[in-house]
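[1] prediction below, plus the sequence it came from.
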Amino acid sequence: MAADTGRRIAAERPAARPHAVQIETHARVEFKDITGMIQQMITESGVQSGTCHVFVPHTTAAILINENDDSALQKDLDNFLKQLAPRDKDYHHSDGNCDAHLKASVVGCSKSLLVENGRLVLGRWQGVFFCEFDGPRRRDLRIKIIPD
């Protein structure tokens with residue numbers, strides 16, 4: 001009987017939930033707040049405790065966690081990244097978007113986020129952003145929610 005109870009508890013535990021969504025961007029550089037979309041997926045999954053992996057399978061887009069209270073910070077981030085990788089520099093990669101590749105490399109293509117009590121664990125001012133560096137485009141985004 002005890003083994004039966006263990007199987008029943010395991011069967012009630014939510015399974016890992018993969019999601020594939022498309023993101024439309026409308027500018028060459030864009031920071032889209034996707035925090036609410038991710039939280040909705042977590043809520044719908046029923047996962048109370050676990051990990052949420054966010055991955056963008058593109059070489060000129062990225063995922064960022066940063067302040068989502070003041071949109072002026074996005075302009076500052078854009079200006080900072082333009083200084084690191086100016087668009088008009090003479091690069092070896094000559095497709096005209098080398099700066100976008102470099103910016104995406106600096107920011108990163110994935111993040112792993114904690115889930116506790118059915119909510120993303122983020123700081124008071126933090127949000128999750130999809131970063132477009134070579135738009136406008138239709139982009140893929142992969143999200144996988146894994147229970148503990």
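    Nice, I can see it.
[2] pull the longest strand from the chain.
    The residue-count maximum for a strand in the chain (DSSP state E) belongs to strand 138-147.
[3] tell me what that strand is packed against?
    Helices and strands in packing contact with strand 138-147 are listed as strand 17-24, helix 35-45, strand 49-55, strand 126-132; criterion 3 or more C-beta pairs under 8 Å, 6 or more residues apart in numbering; DSSP states H and E. Where you see a C-beta, it was placed from the backbone N, CA and C, and this is true even at glycine.
[4] what pLDDT, on average, does that strand get?
    Strand 138-147 comes out with an average pLDDT of 97.
[5] with stretch 48-56 instead?
    According to the model, stretch 48-56 has a mean pLDDT of 98.
[6] where does pLDDT dip in this protein?
    1-13 (pLDDT under 70).
[7] ok, residues contacting the lengthiest helix in it?
    Under DSSP state H, the helix in the chain containing the largest number of residues is helix 72-84. Residues outside helix 72-84 that contact it (C-beta atoms under 8 Å, 6 or more residues apart in numbering) are Val29, Phe31, Leu64, Asn66, Glu67, Asp99, Leu102, Lys103, Val106, Val107, Phe129, Phe133.
[8] what is the host helix or strand of the second one packed up against?
    Same thing as Phe31. Here Phe31 sits within strand 30-33, counting by DSSP states H and E. With contacts defined as 3+ C-beta pairs under 8 Å, 6+ apart, strand 30-33 has these neighbours: helix 72-84, strand 126-132.
[9] sounds good, over and out.
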